[in-house]
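K.L.:
no FASTA, just this:
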Ligand code: HEC
């Protein structure tokens, strides 16, 4: 009887715990993934997956490393402007991304600066 109680309990408690843990981490984990996959699909071709612009396109266009102080010293508003309006030869993203997505990308670039 006692064994049965333990079995039933763990059968329900474990999945419930896992569920709760997943729910708790879902918020930040999602937006981070979003920004990362956006960056990969839209930006990495020129800026490289790690932001160092080590791609052939990045090198020939002389793109600055997104980790560098020169890039990181700009304000969020300036980075947002560059992504929104473009900076020749970088295309403008105002028709391709929402303001919220651009904000996430700025956050993603900021995270690079911290590493
Ligand atoms: C076609 C290649 C290309 C793509 C795609 C591209 N960029 Fe750029 N990006 C550039 C170039 C070239 C520059 C440098 C422009 C300059 O300084 O004159 C630049 C500059 C920047 C800067 C400013 C860096 C600095 O030197 O101050 C940011 C921030 C940036 N890009 C973010 C992004 C993001 C985010 C995406 C994806 C949504 C993206 N770029 C997609 C080519 C590209």
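P.N.:
Good, I have the coordinates. What you see is a predicted model, and the numbers here were worked out from it, not measured in a lab. Numbering: from 1, shown residues only.
K.L.:
from one end of stretch 33-47 to the other, what's the distance?
P.N.:
18 Å (CA to CA, to the nearest Å).
K.L.:
quick one: contacts of it?
P.N.:
Residues from elsewhere that reach stretch 33-47 (CB atoms under 8 Å, 6 or more residues apart in numbering): 49, 53, 55, 57-58, 61, 63, 66, 90, 93, 96-97, 101, 104-105, 107-108. All C-beta spots, glycine's among them, are computed from the backbone N, C-alpha and C.
K.L.:
buried ones in it?
P.N.:
By neighbour count on 16 or more other CB atoms under 10 Å, the buried set for stretch 33-47 is 35, 36, 38, 39, 42, 43, 44, 46, 47.
K.L.:
before we move on, what about stretch 74-88?
P.N.:
Within stretch 74-88, the residues that count as buried by 16+ other CB under 10 Å are 79, 80, 82, 83.
K.L.:
okay, the last one: pLDDT?
P.N.:
Spelled out, that is residue 83. At residue 83, the model reports a pLDDT of 98.
K.L.:
what parts of this structure come near the ligand?
P.N.:
42-43, 45-47, 57, 61, 63-64, 71, 74, 79, 82-83, 87, 89-91, 93, 105, 109 (CB under 6 Å from any ligand atom).
K.L.:
recalculate using a threshold of 8 Å.
P.N.:
38-39, 42-43, 45-47, 53, 57-58, 61-64, 66, 68, 70-71, 74, 78-79, 82-83, 87-91, 93, 96-97, 102, 105-106, 108-109 (CB under 8 Å from any ligand atom).
K.L.:
any low-confidence regions in this structure?
P.N.:
1-32 (pLDDT under 70).
K.L.:
helices along that one, start to end?
P.N.:
2-38, 44-47, 56-60, 69-72, 76-85, 99-114 (DSSP state H).
K.L.:
from residue 91, how far out is residue 61?
P.N.:
12 Å (CB to CB, to the nearest Å).
K.L.:
apologies, that question was intended for residue 80.
P.N.:
For residue 80, the distance to residue 91 (CB to CB) stands at 15 Å.
K.L.:
repeat for residue 37
P.N.:
With distances taken as CB to CB, residue 37 is found 19 Å from residue 91.
K.L.:
still on that earlier bit, which pair in the buried residues of stretch 74-88 spans the largest distance?
P.N.:
80 and 82 (7.4 Å; CB to CB).
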